[in-house]
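In: fold the following, please.
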Amino acid sequence: MRISEKILFIGTSMLLLKRKNTIQLSGIYIHIPYCKKACHYCDFHFSTTKYNSAEMMDCINKEMLLRKNYLQDEIETIYFGGGTPSLLKAEEIRRVTETIRNNFTVTEFPEITLEANPDDIDEESILQWKFAGINRLSIGVQSFHQKDLEWMNRAHDEKQALNCVLLAQDAGIENISCDLIYGTPLLTDEMWNENLNKIAFLKIPHLSAYALTVEPRTALHKMIEKKKVENINMNKQAHQFDMLMLWAKENNFEHYEISNFAKNGRRSKHNSSYWLGKHYLGIGPSAHSFNGNARRFNIANNALYIQSLKNNDLPFEEEILTKENKLNEYIMISLRTIQGTDLNKIEKEFDISQRKRIEELAGKYMYQGMIIAYNNYLILTDKGKHYADRIAADLFTV
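Out: Now for the predicted structure:
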């Protein structure tokens, strides 16, 4: 190769590398608004009747066609959430992934997650999901104890909670996440420890663990108001969160977000994209989208969503984000992560005065042992993680 050709080759290679490094990676979320039964604590948008599910799936695919220009980025994650996406037929899942591949630029090896309930998982369903492109399962176990599951009004039992993981592993799906809920009135510390140890025993590489919250207009909220069930004990929840963090350290799980724990290399790419402020497209009723400057919120009504799409309308509301909105969102999201809040980013993208204001406000939390400052990042300590939302709100700009 002559010198001039070599220089040209190097220059072209560097240009291609630069372009590759500047490609934005995004995700697509598909909301499937159906469940077999209503869990007492759930306030997500769903219906327990599927009479219009065929029309719904037609409209979900149609919405993707109408919004194919919303993201100019390359798609690295596809996430079927809900609701209960494991109620879908494998052919319906395959059709959605095919629509995405035909209308968006998708990376060579995307992470494709299906949220699944244990009672929907059997050998045949797993093989069909794999054939449809699913390579990651997020299983709504919630508890391995029967009386806890009955209290939540879950559709599965303790035997299914255990067997579903074994079936998925036997079918060759290694990228598995399980959800657990702590702080329920019936969950003793001993039961909670047993739940966590089941995760370790089953060699599940990712755990999402949530403190039970009482949301307005849920069945749980009404039962507590009528004194039919015991209210949440906040001290008990805090103690079980401490147990969770200690267990994670002892079992080599990275606590990479307040409610999320992963073995090495098994972080959720899709959920991480939310916390890193990446763009995403939300498809289906009640789904949210974000393009860096605005958020869109699809209508949370199945019938109106279907009717709108039949008329080629996009049923959403939009919020244009102000600079203050963007800063507050960044603080809220970043402070929950293992990386923490980047003060250099705040100075660069918002203003040096904002950096100084936040550093000053964070000072009292450093004194109280809730925040540490490391390499221009503000990072919550284990103590501070108990008060993440309160601390973030205190750092907001008004």
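
In: ok, the residue positioned nearest the centre of the chain to Glu347 distance?
Out: Centrality entry for the chain: nearest residue to the mean C-alpha point is Asn271, 4.1 Å, by CA atoms, centre = their mean. In this structure, Asn271 and Glu347 are 27 Å apart, going by CB to CB, to the nearest Å. Where C-beta positions appear, they are placed from N, C-alpha and C, glycine not excepted.

In: and for Asp179?
Out: As it turns out, when the distance is counted by CB to CB, Asp179 lies 37 Å from Glu347.

In: count residues in the vicinity of Gly83, would you?
Out: A count of nearby residues for Gly83, using other CB atoms under 10 Å, gives 23.

In: Ile346 versus Ser353, what's the distance?
Out: Distance of Ser353 to Ile346, given as CB to CB: 10 Å.

In: out of those two, which sits in the more crowded spot?
Out: More neighbours sit around Ile346 than around the other of Ser353 and Ile346, counting by other CB under 10 Å; the figures are 24 against 10.

In: report the rounded mean pLDDT for the lengthiest strand in the chain.
Out: The single longest strand within the chain, with elements called by DSSP state E, is strand 106-116. Per-region confidence: strand 106-116 scores 97 on mean pLDDT.

In: what lies in contact with that strand?
Out: By CB atoms under 8 Å, 6 or more residues apart in numbering, the surrounding residues in contact with strand 106-116 are 25, 74-86, 93, 97, 100, 129, 133-140, 164, 175, 177, 268-270.

In: return the subset of the residues you listed lying in helices.
Out: With helices taken from DSSP state H, the overlap with the contacts of strand 106-116 comprises 93, 97, 100, 129, 164, 269-270.

In: any idea how far the residue lying closest to Asp170 once chain neighbours are set aside lies from Leu114?
Out: For Asp170, ignoring the flanking residues on the chain, the nearest one in space by CB to CB, 6 or more residues apart in numbering is Glu123 at 7.8 Å. Distance, Glu123 to Leu114, by CB to CB: 16 Å.

In: compare those two (neighbour count), which wins?
Out: For Glu123 versus Leu114, neighbours defined as other CB under 10 Å are more numerous around Leu114 (28 against 11).

In: quick check: the more buried one vs Ile30, distance?
Out: Per CB to CB, Leu114 is found 10 Å from Ile30.

In: which residues are in contact with both of those two?
Out: A shared contact of Leu114 and Ile30, defined by CB under 8 Å, 6+ apart, is any residue touching both; here these are 80, 85.

In: how many neighbours does Gly384 have?
Out: By other CB under 10 Å, 20 other residues sit near Gly384.

In: so where does it fall, helix or strand?
Out: Using DSSP states H and E, the element containing Gly384 is helix 382-385.

In: and the contacts of that helix?
Out: Looking at what lies outside helix 382-385 - CB under 8 Å, 6+ apart - the contacts are 241-242, 245, 258, 365, 368-371, 391.

In: kindly report the same for stretch 333-345.
Out: Outside stretch 333-345, the residues that touch it by CB under 8 Å, 6+ apart are 254-258, 274-275, 277, 330-331, 355, 358-359, 374, 376-380, 388, 391-392, 395.

In: so which of the residues you listed are in helices?
Out: When DSSP H defines the helices, the subset of the contacts of stretch 333-345 inside them is 274-275, 330-331, 355, 358-359, 388, 391-392, 395.

In: specify which member of the residues you listed is nearest to Glu190.
Out: Ala388 (27.0 Å; CB to CB).
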